[in-house]
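> dropping the sequence and predicted coords here.
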Amino acid sequence: MCPYGSCCKFPWVFPLKQRQTSRTQCFGPTGHNHMHRYETAFAAEAAAALDLPIDNIQGHVRVPEPERGDFSLPCFPFAKALGQPPVKIAQTLTEKLSQSQRFAVAAAGPYVNATIHPEALLATLIPEVRQLGDRFATSDTGQGQTVIIDYSSPNIAKPLGFHHLRSTMIGNALTRILGALGYTVKGLNFLGDWGKTFGLLAAIYQRKGQRDRLEKEGIAYLLELYVEANREREANPSFDDIARALFKRMEDGDTDALELWQLFRDISLKEFQRVYTRLNVSFDHYEGESDYRDGMDALIETISATAGTRIDQGALVVDMPYGENEPPMMLKKSDGATLYATRDIAAAKDRWQRYAFAKSIYVVGGEQKRHFEQLKRALDAMGDAWQERMVHVSFGRVHGMSTRKGNVVFLEEVLDEAVERAREKMTAESSGRDIDIDKVSEEVGIGGIVFGDLKNLRTSDYNFDWEDILNTKGFSGICVQYAHARCSSILHRAGGAPGIDAYDPSLLVAPEEVALVKEIGRLPAAVLAAAEGFEPSRLARAVYEVARAWNRYQQAGNADKTLRILAEDDALRTARLALVDAARIALKQGLLLLGVAAPEAM
RNA sequence: GCGUCCGUAGCUCAGUAGGAUAGAGCAUCGGCCUUCUAAGCCGAGGGUCACAGGUUCGAGCCCUGUCGGACGUGCCA
């Protein structure tokens, strides 16, 4: 149990911008969050010494550069309340905390720096992590609450492009992360399978489509048709009218038109699922806009009766307040066909009825920001206050993807290239080791791509660059996987990990050992931060830091033989192996929550 | 034009709530493998945080303006 203040519910049924409470929270009844617990302890000790409320202190605690310590407290903010200069406060505080059981405290000008006495940390964290195993960094704070995540959601009839990776992997990581925090998570793949595009596709297919090519080439042929349809449309504007009419026939339930649509859909879905399998991504439900094609009239009636609708330039729009120069939310085009906005309202209401969600997350690109704002506003105008629980988790664009054939880089093309490189590397270097090259090169190649995506802040754009995407050095998934493989390999060589309590923590005194333990202890807070901000990169960075700390420790044994993990001395070896096992668990858990495989050898 | 977001090392990006000497990776240069897998480790160089004002004890971060970029701006999704 957390000794400092009461444990609280996971924060988030309030907007992200209000993050005032997150720092003071404990992470679930098991309290397995050591570094955060120490931070709270430091704030509590400082608060007691200064006779100020802990809430005034905790927000100011920083993590400084490692040489300065583990936590740092600038004293400027208290100068006014205490009527003393910051430097004086820092001195007084340092004197009062000199007897601290947990920290070595030192004043540095107006700052107070605290370094954890490592003994207790080493004695408790390592067995705790090992005891928890695959429950490390999880909690049950979300228990009883359902979160639905709409992600990937490609349009059918086009292969997955590299840019689809973002929604797919961010959504997948959030699914895993929120699941680890105890939420009931439902992953939805909401296919763009309805709309004028399919009228366009059907029109071109009726004109020149070849059934045998469609069956043989699948989605690649659909793409070719799509490109041709667009060419035709530019050359001949009346083709657009034909397409529109054809889609209207689909909406009206015309069997022939629908049969063609169904065929396109089946072919696309089969292709998508093959890629999802490679990415180790799965959904609870495949749905699509087409699921909502029937209820449109009733829905529009409801909207008219609540928010209100009006005819604007021949189209039906939602009658609600708009900003200046803002286009209205359109429900029906002037030809009477519905638009995606209408179907999104239907889907949102349906999801609320099915799940009564705590959060409904849409992992969709930033281009659709206004659409989601309008969607929420329209629902609000209809009296659906639960729209506050909907979150648009937007992400940045991928630029510069027209490098190879055509206009997009296909996702599988990138995956294949990465897997091939991993295979070459392993074939060249792993002789003598017992490795399933096929399996591991797939895990390493794809893991590198996935991690490479997730390490970026989700809102920033990024440039597609083959060399950059396939880079396996430095801050990459490979580095983390490699660290995990090395931990596993050393444990294997030692004949397995020691018993959980069969080690003497006082033998772990090297700075590299203490540093590694601290990085492991920071992981749970990173999982929580990732969930809170819907930001997997928080976790990616934290797990990379664990890998670096591990690599430093492991390499230290090369320069200094007394630091070798497999030491001659039994007790020393056992203690070090316990640490390696804890590191292994942390690395594996971090990778898994990001949706990246953790091979045991590479 | 208007709206939203962005501008940090040669390149790609972090920088958490305004706090110490602005950090990583790539690239460059220099070290480290007869002993736990070098996809690694250590070190060096590299910055007017776009520009100009303002608020503050303190600004990469907050405010205003300028320049530059991305996205959006009704019958696509």
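Ah, there it is. Residues are numbered from 1 along each chain as shown, chains lettered A, B, ... in the order given.
> could you grab the helix/strand/coil label for A:I361?
Classification of A:I361 by DSSP: H, G, I helix; E, B strand; the rest coil places it in strand.
> would you confirm that it contacts A:S394?
No: shown here, A:I361 and A:S394 do not form a contact pair, counting by C-beta atoms under 8 Å, at 10.9 Å. All C-beta atoms are positioned from the backbone trio N, CA, C, and that covers glycine.
> of those two, who's got more company?
Just comparing A:I361 and A:S394: by other C-beta atoms under 10 Å the higher neighbour count belongs to A:I361, 25 against 19.
> bridging residues for that one?
Beta-bridge pairing for A:I361 (DSSP bridges): A:I149, A:V391.
> distance of it from A:N172?
Counting by C-beta to C-beta, to the nearest Å, the separation of A:I361 from A:N172 is 12 Å.
> over to A:A531?
To A:N172, A:A531 is 14 Å away according to C-beta to C-beta.
> element containing A:F190?
Secondary structure here is read from DSSP states H and E; on that basis A:F190 sits in strand A:184-191.
> how far does the helix or strand following that strand sit from its chain's centre?
Next in sequence after strand A:184-191, counting helices and strands by DSSP H and E, comes helix A:196-208. What separates the centre of helix A:196-208 from the centre of its chain is 37 Å, taken as C-alpha atoms, centre = their mean, to the nearest Å.
> and stretch A:590-599, by the same measure?
Centroid separation for stretch A:590-599 versus its chain: 12 Å, with C-alpha atoms, centre = their mean.
> contact partners of that stretch?
A:134, A:137, A:169, A:172-173, A:176-177, A:180, A:279-281, A:439-440, A:443-444, A:446-447, A:450-451, A:454, A:477, A:480-481, A:484-485, A:523, A:526-527, A:530, A:536, A:539-540, A:542-543, A:546, A:587-588 (C-beta atoms under 8 Å, 6 or more residues apart in numbering).
> please apply the same query to stretch A:541-557.
Contact with stretch A:541-557 is made by A:455, A:475, A:479-480, A:482-484, A:486-487, A:490, A:510, A:512-513, A:515-516, A:518-520, A:522-523, A:525-526, A:563-565, A:583, A:586-587, A:590-591, A:594, as judged by C-beta under 8 Å, 6+ apart.
> contacting RNA strand B as well, which ones from the residues you listed?
Filtering those for proximity to RNA strand B (criterion: C-beta under 7 Å from any atom of the strand) leaves A:F475, A:C479, A:Y482, A:R486, A:I490, A:L563, A:R564, A:I565.
> hmm, the helix or strand of chain A with the lowest mean pLDDT in reach of RNA strand B?
Within chain A, no helix or strand scores below strand A:462-463, which has a mean of 80 by mean pLDDT, DSSP states H and E. Yes: using C-beta under 7 Å from any atom of the strand, strand A:462-463 reaches RNA strand B at A:Y462, A:N463.
> just checking: what are the partner strands of that strand?
Next to strand A:462-463 in the sheet, as set by DSSP bridges, lie strand A:398-399 (parallel).
> just how off-centre is the partner strand within its chain?
Computed by C-alpha atoms, centre = their mean, the chain-centroid distance of strand A:398-399 equals 19 Å.
> average pLDDT for it?
The average pLDDT within strand A:398-399 is 84.
> who touches the residue most central in space within chain A in this structure?
The centre of chain A sits closest to A:P536, judged by C-alpha atoms, centre = their mean, with a distance of 3.3 Å. When contacts are counted by C-beta under 8 Å, 6+ apart, A:P536 touches A:M169, A:I170, A:A173, A:L174, A:I177, A:L454, A:R458, A:A530, A:L594.
> which one of the residues you listed is nearest RNA strand B?
Closest approach to RNA strand B among those (C-beta to the nearest atom of the strand): A:R458, at 8.3 Å.
> can you list phi and psi of the residue nearest to that closest one when sequence neighbours are not counted for me?
In this structure, A:R458 finds its nearest non-sequential neighbour in A:F395, 4.3 Å apart by C-beta to C-beta, 6 or more residues apart in numbering. When read as degrees, to the nearest 10, the backbone of A:F395 gives phi -140, psi 160.
> next up, the contacts around whatever residue of the stretch 251-400 of chain A ends up closest to RNA strand B.
Closest to RNA strand B within the stretch 251-400 of chain A is A:K333: 2.8 Å, counting by C-beta to the nearest atom of the strand. Contacts for A:K333 (C-beta under 8 Å, 6+ apart) come out as A:A315, A:L339.
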